[in-house]
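Colleague: Please find the sequence and the predicted model below.
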Amino acid sequence: MAKARIGLYSVKGDTLTRTHKSCPKCGPGTFLAEHKNRRSCGKCGYMESGGATPPKTAKPAGKSAPPTA
Ligand SMILES: [Zn+2]
């Protein structure tokens, strides 16, 4: 599940360039996972659409789950 955190930086000479966008909620240091049409934070669950397809939330809306009061 957890990917190795390599490839987040690309080093050009002595300059460290961020290739991934950092999470606006978690702040710099936490990077958003790059997907085809979106970016998502695996830490706080923040999602950002980066394409035409809206991101699907993982809400159990269709399931008839018993309400947990
Ligand atoms: Zn986050």
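Modeller: Looks like it came in fine.

Colleague: any idea how far L32 is from the ion?
Modeller: Separation of L32 from the ion (C-beta to the ion, to the nearest Å): 8 Å. Quick note: C-beta positions are derived from backbone N, CA and C, even for glycine.

Colleague: Please name the residues that touch that residue.
Modeller: L32 makes contacts with H20, K21, S22, C23, R39, S40, C41, Y46, E48, as judged by C-beta atoms under 8 Å, 6 or more residues apart in numbering.

Colleague: now C26
Modeller: So C26 contacts C41, K43, C44, Y46 (C-beta under 8 Å, 6+ apart).

Colleague: Burial check on the third one, number of neighbours?
Modeller: For C44, the tally of surrounding residues (other C-beta atoms under 10 Å) stands at 12.

Colleague: Please shift the residue numbers so they start at 43 in all later answers.
Modeller: Done: numbering now begins at 43, and the last item shifts to C86.

Colleague: So for it, what's the pLDDT?
Modeller: Per-residue pLDDT puts C86 at 96.

Colleague: After the lowest-mean-pLDDT helix or strand in the chain, which helix or strand is next?
Modeller: Lowest on mean pLDDT, DSSP states H and E among the helices and strands of the chain sits strand 57-60, with a mean of 54. Using DSSP states H and E, the next helix or strand after strand 57-60 towards the C-terminus is strand 64-65.
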